[in-house]
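Peer 1: pasting the structure only:
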């Protein structure tokens, strides 16, 4: 079975989510090629070529692919699909944006958020906000799959580099245009792959209190910062900090939930963490049902004290 994996990158750096998705793709078949679609992304292709188990790296560079918009990227994948039995991508914002369009153009069903590969055509994926796991078998000629990267370890890099092959650009359909990217500049670890995450909820009360309370603890731990959907909706934290079913799914070694009640939507994004610490003044909060350690009390007292003790 031959698989084409869409690389996640920013034209300069290859995301670890690609190495994690490669682990899943390698369980589906022996031959895995990686597609690097972008502009000025030769360095990304070279990094992808060093990942263990990669057959070839396909490098497609064009102005229309620089931001990996769904329409031109999907057109490229569809043009290459005839040579592959499966098309795989990490379940990131890019993968979730591109692959549904690929599946529609190929007239196949997409298998989303895979957490386990049972066979090349059979997968496990969470449903009902992670409260149940569904086993899915795809009968389509071309499998279109997104992978929940938190469920797979990253494939290691080796000394031997795979062949890098330039592929043609099928052209821009002209159905969308890039306006701008807005990023929150930070020296903290990326939320997707962080070993430690400190998250805050609506109980923080304001954006100022969120930053005054959560950021010092995160900095002391060398952690990424997360937030519940309620905190993001209230404007306490930016969208890219949201953890949950409609945000990012994380599985760090340590997850510290501060002032988060534990709604199902949030638990779906973090309950696979190895150790969960909950800080909440409500001793009956649902978060304590999944927490390994719990502190009941005022987070404005407990979080600064925890930071001081560290």
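Peer 2: Cool, got the structure. Nothing here was measured: the structure is a model prediction, and the numbers come from that model. Residues are numbered from 1 along each chain as shown.
Peer 1: Could you list the low-pLDDT ranges of this protein?
Peer 2: Low-confidence segments of the chain (pLDDT under 70): 183-185.
Peer 1: now the helices: where do they sit in it?
Peer 2: In the chain, the helices defined using DSSP state H lie at 16-28, 42-49, 70-80, 93-106, 207-221, 229-233, 264-270, 299-309.
Peer 1: Return the distance of the residue nearest to residue 14 when sequence neighbours are not counted relative to residue 60.
Peer 2: Once flanking residues are discounted, residue 14 sits nearest to residue 47: 4.2 Å by Cβ to Cβ, 6 or more residues apart in numbering. Any C-beta I mention is one placed from the backbone N, CA and C, and that applies to glycine too. Separation of residue 47 from residue 60 (Cβ to Cβ, to the nearest Å): 16 Å.
Peer 1: Same question for residue 106.
Peer 2: In terms of Cβ to Cβ, residue 106 sits 18 Å off from residue 60.
Peer 1: same thing with residue 104?
Peer 2: 21 Å.
Peer 1: Enumerate every residue touching the residue nearest to residue 14.
Peer 2: Taking Cβ atoms under 8 Å, 6 or more residues apart in numbering, we find residue 47 in contact with 13, 14, 157.
Peer 1: Most neighbours among these, please name it.
Peer 2: With neighbours taken as other Cβ atoms under 10 Å, the top of the contacts of residue 47 is residue 14, carrying 24 neighbours.
Peer 1: can you list the helices of the chain in CSV and add distance to residue 1?
Peer 2: As requested, the helices of the chain are exported to CSV (distance: least, Cβ to Cβ, whole Å):
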stretch, distance to residue 1
helix 16-28, 6
helix 42-49, 20
helix 70-80, 16
helix 93-106, 16
helix 207-221, 42
helix 229-233, 38
helix 264-270, 30
helix 299-309, 49
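Peer 1: these two touch, right, residue 240 and residue 191?
Peer 2: Yes. Between residue 240 and residue 191 there is a contact under Cβ atoms under 8 Å: 7.3 Å.
Peer 1: so what sits against both of these two?
Peer 2: residue 248.
Peer 1: these two touch, right, residue 149 and residue 155?
Peer 2: No. Using Cβ under 8 Å, residue 149 is not in contact with residue 155; the gap is 11.3 Å.
Peer 1: Those two: which has the busier surroundings?
Peer 2: Each of residue 149 and residue 155 has its neighbours counted (other Cβ under 10 Å); residue 149 has more, 30 against 21.
Peer 1: In contact with the more buried one, which residues?
Peer 2: Residue 149 neighbours (Cβ under 8 Å, 6+ apart): 16, 17, 20, 21, 90, 91, 92, 192.
Peer 1: how about the nearest residue to it, chain neighbours excluded?
Peer 2: Using Cβ to Cβ, 6+ apart, the closest residue to residue 149 is residue 20 (3.8 Å).
Peer 1: Isn't the one you found up against residue 115?
Peer 2: No. Between residue 20 and residue 115 there is no contact under Cβ under 8 Å: 11.5 Å.
Peer 1: how about the helices of the chain, which one is nearest residue 293?
Peer 2: For the helices of the chain, the distance to residue 293 is smallest for helix 299-309, at 11.1 Å, taking Cβ to Cβ.
Peer 1: Counting neighbours, which bits of that closest one end up buried?
Peer 2: If you call a residue buried by 16 or more other Cβ atoms under 10 Å, then helix 299-309 has these buried ones: 299, 300, 302, 303, 306, 307.
Peer 1: Can you list the helices and strands that it packs against?
Peer 2: helix 207-221, strand 275-280 (3 or more Cβ pairs under 8 Å, 6 or more residues apart in numbering; DSSP states H and E).
Peer 1: higher neighbour count, residue 106 and residue 60?
Peer 2: For the pair residue 106 and residue 60, the greater number of neighbours falls to residue 60 (25 against 19), based on other Cβ under 10 Å.
Peer 1: show me what contacts the more buried one?
Peer 2: 35, 36, 37, 38, 76, 166, 167, 168, 169.
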